[in-house]
Structure formats: structure tokens, C-alpha cells
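S.K.: Here's my sequence, what's the structure:
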Amino acid sequence: MKCGDYNYIWQAEDWPNWRYDLAALATPLAEVSQAQGLLIGRLTDAGLALRDEATLTALTQEAMKTSEIEGELLQANSVRSSIARRLGVDIGALAPIDRHVDGLVSMVLDATSNCTAPLDEARLMGWHAALFPSGYSGLNKIRVAQWRDDANGSMQVVSGAYGRQKVHFEAPPAQYLQAQMQQFLGWMNAKTPEPALIKAALAHLWFVTLHPFDDGNGRIARAIGDLLLARADGSPQRFYSLSAQIQRERKSYYQILEHTQKGTMDVTAWLQWFLQALQCAIEQAHITVDASLGRARFWQQWGTQPLNPRQAKVLGKLLEGLDSHLTNRKWAALAKCSADTALRDINDLVARGILQKINAGRSTRYVLSKLT
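M.R.: Here you go, the predicted model:
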């Protein structure tokens, strides 16, 4: 699609003078702001322990999912351990240090915990160096902590097998990057008239359109968005993960980016998509908080009861949302014990009222009893 006599928005005469219909965005802006306030209010009332748990969960999701969007899968225990270590949160045994994971976590935490600090070129270079500590992206050596130079051709976003590749987007030539990045960073650090949530969405789009690095642009764009969302929340603590929602809608995320980058400077559709994704991310966080509160109430009621290690382990799995009703066979598998031992453990918990038996015979299932 061509708009006027150009292919991409960065080629427009009025680039980067973003336009949008604020009236069309008024309702989603209000809904997201209300959801943010409600979530922060709930966690403020819930106490420090639950806030720490919510923050650890959100940051773990953010780090894992921002990489997963790019097709890179990270180990959850390694990410969680790295974040817990840096936040000083006790989660028991920590996983071994992974330099690559630690670098990603450093960026995610710096973007949010230091959200009020200016975003400058040196800080971006530090983030990029943290993402690629070896100087390689996969098997390819890349320019680390430097703007791309287009020595091997223009920066393009492509898909498909070699020889049948489809070009989804081409970034501005490297020769213009220094000036364009200075313009972007000046806008980022200035007090501008856009509503805070709109600015977060525009920053995400603007950075990923400039695509200033050889690799890592999507992850850094999402970190920049999170930095501005933290400013909008008025808190460096994160209780929801936008990247987790983007991963759930990965196909439509790339579609709206491509449509916007090949469109006009009116980016209302992108902003609507971003706000809807943000609303869903916050709603998902409410579900996570509900589960955390449920676990807290459970241990408040039953925490003084003596439990053997097998019982503690399986009850923990149930509280984390085991995907089906518990059976004797499933207990034995989870606890790594015999069927007879599993049945004794279960019957003990049923007798004490912690578990409830459903049905009988081959259909016997067990669920957590309702809390009083």
C-alpha cells in the first residue's frame, strides 16, 4: 500500500508529526486509567508481601514474554531467580546465574525502577549491550551498543523462506539515525501535551519504526513503553505485563504495526489497539491478584496445620491452578510416591477438612475445600 508518494510513514513530509482522534480514544483511555487505579488500590490495601509477589510475577512475565514475542524461549525459574535476586525477594532456592537472562532482566528492571530518569543515548546503549553480552545474536555477530550502519543493506523486517521472503517493513536509512534518534529522545524527555498512556504507545511505535539497532529493537521498544507506563502509573513497581498480552495477540500485534507503518501519520488505529491490549493486561493482573489473595487466605486458615513435604508440595500445585481435579494417581505422580502413600496423604487431608472428596469409585476426585 502506498500513501501519497511514499511507502512508509517515516517517508512522509510531516514525519514524525503524529495525528490521532482524541475523541475516539476518550473512552478506552478512561477505562484503562480506571482499571490501573483499581489494581494499584487493591494491591496497596493487600500489604507488602502480596505487592512483592505481584511485582515479581509481572516482571517475570514481562521478561519472558518480550523475548518470546521474538521467538526466544527463556527458562521461567532462571528469569524469576534473576529478578528475585535483584529485588531482594526471598523465593527459596535460586537458579544458577545466566548471563543472557541477567542482561535482559537488567534492562526490564532499569526501565521501570528508574522510570523517572531521562532516557538518553548512553542508557539505550547500555540496554543493548545487556541484551547481547556475547556480541552475537544467535550465530550472527552484530554491532553492539552502536546504531546500525546498513553495511549489508537496508534494515528490513521480513518473513518466509529464503528466496520467497516477504518484506513487511523497511526502516529509515542509517545515515539519518543519529539526527532522528536525537529528535526521539528529546521528545521522550520533554513535557509534551499527549496523555501519558498515548505517549507510551507513540514511543513504542516511534522507536520500533526507527529500528536503530541490528537486533533487539522490539524488546527495547517494549521496555521504553513500560518506562512511560510506569511514569503514568506514578510507581516504579509493575503489577501487570503488557508484553504478556502482546504475546497472546502476537499475530494482530505485527499486523497493526505493519498496517500503521505503511499508512498515514494518523495512528488512531494503533493507539486503539495498544489501549485495548493494555486493558486486557490489567484485567489479567486482576485475575493473578485474585489467585494470590486466595492462596494467602488458604494459608491463613490452614497454615498452622502440620503437613508432610508431599502434602505441602501438592497443595501448592493446587493453589497455583492445577488444570484438573486431583486424583490419587495424579497425587502419586506429583509427589513421586506410591499410590498407597498418596491415598494416605489424601485421606488425612480429607479428614481434616482441607480437601473435599467428589464422586466415588473410579470417578473419585478431590478439590480444595471452600474457605470459611
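
S.K.: now for the longest helix belonging to the chain, which elements pack on it?
M.R.: If you go by DSSP state H, the chain has its longest helix at helix 268-302. Judged by 3 or more Cβ pairs under 8 Å, 6 or more residues apart in numbering; DSSP states H and E, the packing partners of helix 268-302 are helix 22-46, helix 48-68, helix 196-210, helix 242-248, helix 250-261, helix 309-319. For the C-beta atoms, the positions are set from N, CA and C on the backbone; glycine is no exception.

S.K.: right, and those - which one's nearest residue 272?
M.R.: Checking the helices and strands packed on helix 268-302 against residue 272 by Cβ to Cβ gives helix 22-46 as the closest, at 6.4 Å.

S.K.: Could you list the low-confidence segments of the stretch 251-372 of the chain?
M.R.: Along the stretch 251-372 of the chain, segments meeting pLDDT under 70 span 322-324.

S.K.: switch the cut-off to 90
M.R.: Applying pLDDT under 90 to the stretch 251-372 of the chain flags residues 287-304, 316-325, 358-364, 369-372.

S.K.: just the stretch 101-250 of the chain next, same as before
M.R.: 138, 152, 157-166, 233-237.

S.K.: Ok, which of the helices and strands packed on helix 268-302 comes nearest residue 15?
M.R.: Residue 15 sits nearest to helix 196-210 of all the helices and strands packed on helix 268-302, at 9.2 Å, using Cβ to Cβ.

S.K.: Buried residues, that closest one. List them.
M.R.: 197-210 (16 or more other Cβ atoms under 10 Å).

S.K.: Which SSE is immediately downstream of that helix?
M.R.: helix 217-233 (DSSP states H and E).

S.K.: could you dump that following helix to CSV, C-alpha only?
M.R.: Extracted C-alpha coordinates of helix 217-233, given in CSV (Å, rounded to 0.1, in the frame of the first residue of the first chain):
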residue,chain,number,x,y,z
ASN,A,217,14.6,-3.3,18.6
GLY,A,218,11.3,-4.9,19.6
ARG,A,219,12.4,-5.7,23.2
ILE,A,220,13.8,-2.2,23.7
ALA,A,221,10.7,-0.6,22.2
ARG,A,222,8.6,-2.5,24.7
ALA,A,223,10.9,-1.5,27.5
ILE,A,224,10.6,2.1,26.5
GLY,A,225,6.8,1.7,26.6
ASP,A,226,7.0,0.2,30.0
LEU,A,227,9.1,3.1,31.2
LEU,A,228,6.4,5.5,30.2
LEU,A,229,3.7,3.3,31.6
ALA,A,230,5.5,3.3,35.0
ARG,A,231,5.6,7.1,34.8
ALA,A,232,1.8,7.1,34.0
ASP,A,233,1.2,4.8,37.0
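
S.K.: Give me the angle between the longest helix of the chain and helix 48-68.
M.R.: With axes from the mean of the first three to the mean of the last three Cα atoms, to 10 degrees applied, the angle from helix 268-302 to helix 48-68 works out at 140 degrees.

S.K.: Okay, buried residues for helix 268-302 please.
M.R.: 268, 270-282, 284-285, 288-289, 292, 295-296, 298, 302.

S.K.: Over to stretch 344-354?
M.R.: For stretch 344-354, by 16+ other Cβ under 10 Å, it's 345, 346, 349, 354.

S.K.: Pretty sure the third one sits against residue 367.
M.R.: It refers to residue 349. No. Residue 349 is beyond contact range of residue 367, at 11.1 Å (criterion: Cβ atoms under 8 Å).

S.K.: who touches both of those two?
M.R.: residue 355 (Cβ atoms under 8 Å, 6 or more residues apart in numbering).

S.K.: circling back: may I ask which two of the buried residues of stretch 344-354 are separated the most?
M.R.: 345 and 354 (10.7 Å).

S.K.: before we move on, which element is residue 168 in?
M.R.: strand 166-170.

S.K.: by contact count, what packs against that strand?
M.R.: For strand 166-170, the packing partners by 3+ Cβ pairs under 8 Å, 6+ apart are strand 156-159, helix 250-261.

S.K.: mind checking how far the residue nearest to the spatial centre of the chain is from residue 111?
M.R.: What sits nearest the mean C-alpha location of the chain, by Cα atoms, centre = their mean, is residue 62, with 2.5 Å. In this view, residue 62 and residue 111 are 9 Å apart by Cβ to Cβ, to the nearest Å.

S.K.: Report the set of residues contacting both of these two.
M.R.: residue 226.

S.K.: which residues touch the nearest residue to residue 16 once chain neighbours are set aside?
M.R.: Distances taken as Cβ to Cβ, 6 or more residues apart in numbering put residue 206 closest to residue 16, at 6.2 Å, once the chain neighbours are dropped. With contact taken as Cβ under 8 Å, 6+ apart, residue 206 is in contact with 16, 18, 184, 187.

S.K.: Assess the claim that residue 357 and residue 350 are in contact.
M.R.: Yes. Between residue 357 and residue 350 there is a contact at 5.5 Å, judged by Cβ under 8 Å.

S.K.: Identify the contacts common to those two.
M.R.: residue 366.

S.K.: what's the pLDDT at the residue nearest to the centre of the chain?
M.R.: Per-residue confidence (pLDDT) for residue 62: 96.

S.K.: Please name the residues that touch it.
M.R.: 108, 226, 238, 241, 242, 243, 244.

S.K.: Neighbour-wise, give me the winner out of those residues.
M.R.: Each of the contacts of residue 62 was scored for neighbours by other Cβ atoms under 10 Å, and residue 108 scores highest at 29 neighbours.

S.K.: wait, is that one part of a strand?
M.R.: No. Looking at residue 108 with DSSP: H, G, I helix; E, B strand; the rest coil, it is helix, so not inside a strand.

S.K.: Please tell me how far residue 248 sits from residue 287.
M.R.: 13 Å.
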